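*Asks:* Pasted the sequence and its predicted model underneath.
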Amino acid sequence: MFKKLVLIGGAAIYTGTVLWGVTKYRKAKTTLKGENNVLYIKNSKPRPVSEEFCHLLPTLYSEQECCIITTPIFYANGDPHIGHAYTSIMADVMARCQSLDDKTVLYVTGMDEHGLKIKQAATKNKRTVQAQCDYVSQQFCDIVKTSECSPTTFIRTTEERHCNVVQAIWTRLAKDGFIKKKIYSGYYSVSDEDVVNKRKTIVINGKRVTKDSRQPVETFQEENYVFSLLGVKNGESLKDLVIKWLKLKSPIKPEVLENQSSLSYCEQILRELQKNDLDEWSISRLRSNNGWGIQVPGDSTQTIHVWFDALCSYLTATGYLNEPHVWPPDIQVIGKDILKFHSILWPAILLALGLDLPKQIFVHGHWLVEDVNQNNPNKRKKWIKMSKSTGTAVTLQRSNTANDGHFLKMKGIAGVPDELSVTVCSSTLRYFLLRSREKNDNHFQYERLVDLHNTELVNKLCNLLSRCTSEKINPTEEFPKFSRKKLTEVGYLQKHLKELGVLKSVVAKKFAEFQYSKGIDAILCAITSADSIITSKKPWTLEATQREKIVSICLETCRIAAILLQPIIPNISSQILDILGIKEKKRKWRNAILQEEAPRRVLKKNKKPLLKRMKIQKGKEKGLANFEYAGKDLLQMDAFCFLVPSSQDLPVLGVVFDTFSFPQVSEESYGKT
Ligand code: MSP
């Protein structure tokens with residue numbers, strides 16, 4: 001029997017059909033009422049969970065088909081950084097696109113809390129290992145929420161339910177002959193938690209490191225359990241089955257990373273498989289070497305290796321061992337550094353278990369920062385992967401100064417030899433990350449973030465809304481009666497109407513292909529063309545009927561743009577739709593088309609500007625004293641930021657926001673300055 005519940009609020013709730021945790025279920029049952037957030041619960045007695053957000057369970061399933069989107073689970077060894085946020089936000093956009101299409105989404109994320117790396121981090125931070133995990137998991141939870149990601153399930157590998165699943169999977173695979181004990185030798189990278197052979201290492205400055213990640217390795221020889229890809233399932237080896245899957249289903253998207261290799265991801269993996277050194281995977285470590293992990297069932301001397309453990313989290317989170325188990329994932333989002341595990345070991349485990357394979361693996365590139373540790377500052381810029389282990393990360397924290405829950409503090413290297421300490425709003429961060437090249441590595445440049453915020457979010461999106469809600473153009477503060485037929489009679493609106501007519505399908509196609517920046521391009525084009533109608537026709541000089549036609553087409557542009565931008569910048573989009581008076585249920589993909597008719601309606605007054613401009617100022621003299629603050633504005637600003645010089649000898653690079661109030665420019669002067 002399915003029960004229908006109604007929920008209000010909460011970070012993980014999408015409007016429409018949602019999955020939600022048990023704690024909320026209990027609350028919902030007794031206290032909440034509402035219209036938009038509807039939860040279908042199949043199992044009337046869900047298992048209990050401990051915490052409200054971190055332990056949401058997918059024991060609640062929709063009657064409808066469920067779309068599963070996963071992120072990798074994050075190592076609990078250090079603070080979240082831009083790279084992690086990118087993975088989560090990418091997955092969030094995918095989840096939101098599905099929800100806007102009325103699909104039920106199970107968006108799974110969480111923490112990878114076992115392994116040597118976490119143990120070492122705990123020792124370094126003088127914490128118990130559990131305290132280390134609890135602390136970092138909370139940081140990640142905070143960032144997930146603050147950056148407006150809305151996972152339905154947040155799994156932690158130290159949870160009991162997960163240990164049960166991992167041990168059950170191990171027992172099954174061992175029973176079916178896929179796991180054997182043998183002396184295993186190789187090199188181990190604690191940072192990657194990866195076992196590699198000599199061929200995959202290189203000596204740099206007398207230190208042996210992995211070729212891929214350049215992380216140090218140490219030799220080891222132990223009696224371990226290995227998982228063999230040569231094991232046979234239904235008459236074929238797991239290895240052959242994985243190869244077939246890669247060749248026939250082309251699950252890896254995008255196929256290739258631009259400018260980085262002449263081989264596609266798939267070809268690279270197939271080449272690796274041909275070399276035969278990935279036929280056996282060491283999947284345990286001696287407990288005496290690493291006891292922070294799940295014990296091998298029936299062998300108290302061995303700990304299950306953290307990658308085997310971590311991959312199983314996708315199964316725990318989707319209810320493996322329960323009925324029903326929602327499977328397989330539709331999209332698994334990962335960074336390119338962990339493709340080997342997701343395209344070889346992971347499908348092999350699933351095949352051995354007789355489970356379906358993921359439909360798509362979306363691989364993104366890395367965020368790079370300028371290497372400031374170079375000896376010679378005149379050398380050409382060198383960019384390296386942002387990473388906690390190498391101390392080259394721009395980390396993220398929830399901002400405590402801003403009270404609306406959507407501000408993040410970014411700290412770290414700023415692409416100049418200065419330290420960055422900045423507060424940004426989630427919309428700006430999401431927009432900046434999603435405006436990057438999805439098929440490539442991206443350089444983290446703070447100046448670009450500021451520039452995108454100003455030129456696109458403020459000057460284009462917010463400005464169009466501000467212009468057509470200003471007293472000068474729209475004295476009655478209304479969304480005038482909309483009639484497509486009447487508008488098509490106006491010659492100079494033809495081109496723009498056509499553009500709006502196809503905008504949704506263009507954007508939906510680009511978003512479905514994970515080309516978010518190209519989708520945004522199309523939206524910006526429509527905004528720019530609406531804006532240029534205002535500039536060229538000067539509606540404030542026209543009589544009311546003509547003026548209202550321009551206002552209505554421009555507000556219609558804002559409406560469609562805001563609906564389409566919901567997955568990218570949910571908070572700002574929803575504020576725009578609120579101002580336009582668009583009801584929640586009219587904010588779906590299907591509503592992002594030109595309306596035929598709509599009645600006149602009053603606009604909601606927006607007291608606060610949606611976004612404020614950001615300014616980068618270069619100081620001339622030395623030291624912090626040269627910061628130029630924008631007077632009292634600074635104190636009132638939701639977001640202000642500055643680059644703190646790491647050395648007093650360096651010129652100050654100060655960033656100051658000033659208040660952007662609507663309308664900022666007078667209509668007569670618009671475009672002239
Ligand atoms: N715990 C493993 C994943 C296990 S999944 C079964 C792991 N964790 S991680 O914290 O190191 O990385 C998590 C995600 O963040 C990965 O997708 C990784 O690619 C991504 N990023 C970490 N640093 C990154 C950048 N500098 N840039 C972009 N993403 C990167 O791997």
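*Replies:* Structure's in. What do you need? A quick note: this is a predicted structure, and the numbers were derived from the prediction, not measured.

*Asks:* At which residues are the strands of the stretch 351-500 of the chain located?
*Replies:* 360-364, 367-370, 383-385, 395-398, 407-413, 418-425, 442-443, 478-479, 482-483 (DSSP state E, counting those that start in this stretch).

*Asks:* Make JSON lines out of these and add mean neighbour count.
*Replies:* (Glycine included, C-beta is placed from N, CA and C.) What follows is those, written out as JSON lines (neighbours: other Cβ atoms under 10 Å):
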{"stretch": "strand 360-364", "mean neighbour count": "22"}
{"stretch": "strand 367-370", "mean neighbour count": "22"}
{"stretch": "strand 383-385", "mean neighbour count": "18"}
{"stretch": "strand 395-398", "mean neighbour count": "20"}
{"stretch": "strand 407-413", "mean neighbour count": "21"}
{"stretch": "strand 418-425", "mean neighbour count": "21"}
{"stretch": "strand 442-443", "mean neighbour count": "19"}
{"stretch": "strand 478-479", "mean neighbour count": "21"}
{"stretch": "strand 482-483", "mean neighbour count": "18"}
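
*Asks:* quick one, which of the ones you listed is nearest to the ligand?
*Replies:* strand 367-370 (3.8 Å; Cβ to the nearest ligand atom).

*Asks:* dump the residue contacts of the residue lying closest to Cys558 once chain neighbours are set aside.
*Replies:* Among residues not flanking Cys558 along the chain, Leu465 sits closest, at 5.0 Å (Cβ to Cβ, 6 or more residues apart in numbering). Residues in contact with Leu465 (Cβ atoms under 8 Å, 6 or more residues apart in numbering) are 558, 576, 579, 610, 662.

*Asks:* For Gln295, give the beta-bridge partners.
*Replies:* Thr303 (DSSP bridges).

*Asks:* That one: how many residues sit nearby?
*Replies:* 18 (other Cβ atoms under 10 Å).

*Asks:* isn't it right next to Thr301, touching?
*Replies:* No - with contact defined as Cβ atoms under 8 Å, Gln295 and Thr301 do not form a contacting pair (9.1 Å).

*Asks:* want to throw the strands of the stretch 351-500 of the chain into TSV with distance to the ligand and mean pLDDT?
*Replies:* TSV is the format used below for those (distance: least, Cβ to the nearest ligand atom, whole Å; pLDDT from 0 to 100):
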stretch	distance to the ligand	mean pLDDT
strand 360-364	6	97
strand 367-370	4	89
strand 383-385	5	88
strand 395-398	11	90
strand 407-413	11	81
strand 418-425	15	78
strand 442-443	8	93
strand 478-479	41	94
strand 482-483	43	92
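
*Asks:* Spatially central, which residue of the chain would that be?
*Replies:* Nearest to the geometric centre of the chain sits Ile89, at 1.5 Å (Cα atoms, centre = their mean).

*Asks:* who's in contact with that one?
*Replies:* Each residue near Ile89 by Cβ under 8 Å, 6+ apart is listed here: 147, 149, 429-430, 433-434.

*Asks:* Swap in 10 Å and give it another go.
*Replies:* Ile89 makes contacts with 71, 82, 144, 147-149, 333, 426, 429-431, 433-434, 516, 567-568, as judged by Cβ atoms under 10 Å, 6 or more residues apart in numbering.

*Asks:* Out of those residues, list just those in helices.
*Replies:* Under the assignment DSSP state H, these contribute 82, 144, 426, 429-431, 433-434, 516 to helices.

*Asks:* quick check, nearest of these to Ile338?
*Replies:* Ile82 (16.9 Å; Cβ to Cβ).

*Asks:* can you count the residues close to the closest one?
*Replies:* 21.

*Asks:* Can you tell me the SS state at the nearest residue to Asp578 once chain neighbours are set aside?
*Replies:* Nearest residue to Asp578, sequence neighbours excluded (Cβ to Cβ, 6+ apart): Lys604, at 5.7 Å. Assigned with DSSP: H, G, I helix; E, B strand; the rest coil, Lys604 falls in the coil class.

*Asks:* Can you get me a residue count around Lys604?
*Replies:* 14.

*Asks:* Identify the residues contacting whichever residue of the chain sits closest to the ligand.
*Replies:* Proximity of the chain to the ligand (Cβ to the nearest ligand atom) peaks at Gly335, 1.7 Å away. If you count contacts by Cβ under 10 Å, 6+ apart, Gly335 has them with 71-72, 83-84, 86-87, 90, 342, 363-367, 385.

*Asks:* which bits of this protein sit near the ligand?
*Replies:* 72-75, 83-84, 86-87, 112, 310-311, 313, 334-335, 337-338, 366-367, 385-387 (Cβ under 6 Å from any ligand atom).

*Asks:* Show me which of those residues are buried.
*Replies:* Buried members of the residues of the chain next to the ligand, scored by 16 or more other Cβ atoms under 10 Å, are 72-75, 83-84, 86-87, 112, 310-311, 313, 334-335, 337-338, 366-367, 385-387.

*Asks:* Helices - which of those land there?
*Replies:* Short answer: these in helices (DSSP H) are 83-84, 86-87, 310-311, 313.

*Asks:* And those residues, which two are furthest apart?
*Replies:* Across those, the two lying at the largest distance from each other (Cβ to Cβ) are Tyr86 and Leu311, at 20.9 Å.

*Asks:* quick revisit: list residues touching both of Gln295 and Thr301?
*Replies:* Common neighbours of Gln295 and Thr301 (Cβ under 10 Å, 6+ apart) are 284, 287.

*Asks:* in the chain, what secondary structure element scores lowest on mean pLDDT?
*Replies:* Taking mean pLDDT, DSSP states H and E as the measure, the chain has strand 16-18 as its least confident helix or strand, at a mean of 27.

*Asks:* and Asp240, how many residues sit next to it?
*Replies:* Other residues near Asp240 come to 16 when the count uses other Cβ under 10 Å.

*Asks:* so it, which of the three states?
*Replies:* Asp240 ends up helix, using three-state DSSP.

*Asks:* just checking, it touches Val232?
*Replies:* Yes - at 9.2 Å, Asp240 and Val232 qualify as touching, with contact defined as Cβ atoms under 10 Å.

*Asks:* So for those two, which residues contact both of them?
*Replies:* Between them, Asp240 and Val232 share no contacting residue, judged by Cβ under 10 Å, 6+ apart.

*Asks:* follow-up on the earlier one: and the gap between the residue nearest to the centre of the chain and Thr153?
*Replies:* Ile89 sits at a distance of 17 Å from Thr153 (criterion: Cβ to Cβ, to the nearest Å).

*Asks:* Glu223 too?
*Replies:* Taking Cβ to Cβ, one finds Glu223 at 36 Å from Thr153.

*Asks:* So for those two, which residue has more residues nearby?
*Replies:* Thr153 (26 against 12).

*Asks:* Go ahead and confirm that one touches Tyr107.
*Replies:* Yes - using Cβ under 10 Å, Thr153 is in contact with Tyr107, at 7.3 Å.

*Asks:* and the residue nearest to Tyr314 when sequence neighbours are not counted, what does it touch?
*Replies:* In space, and not counting its chain neighbours, Tyr314 is closest to Thr70: 5.5 Å by Cβ to Cβ, 6+ apart. Going by Cβ under 10 Å, 6+ apart, Thr70 touches 91, 106-110, 151, 153, 155, 313-314, 317-318, 329-334, 342, 358, 361-362.

*Asks:* buried subset of the residues you listed?
*Replies:* Members of those classed as buried by 16+ other Cβ under 10 Å are 91, 106-110, 151, 153, 155, 313-314, 317-318, 329-334, 342, 358, 361-362.

*Asks:* want to try JSON lines for the strands of the stretch 351-500 of the chain, with distance to Trp281 as columns?
*Replies:* Listed next are these as JSON lines, based on distance: least, Cβ to Cβ, whole Å:
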{"stretch": "strand 360-364", "distance to Trp281": "18"}
{"stretch": "strand 367-370", "distance to Trp281": "28"}
{"stretch": "strand 383-385", "distance to Trp281": "24"}
{"stretch": "strand 395-398", "distance to Trp281": "32"}
{"stretch": "strand 407-413", "distance to Trp281": "34"}
{"stretch": "strand 418-425", "distance to Trp281": "39"}
{"stretch": "strand 442-443", "distance to Trp281": "31"}
{"stretch": "strand 478-479", "distance to Trp281": "60"}
{"stretch": "strand 482-483", "distance to Trp281": "60"}
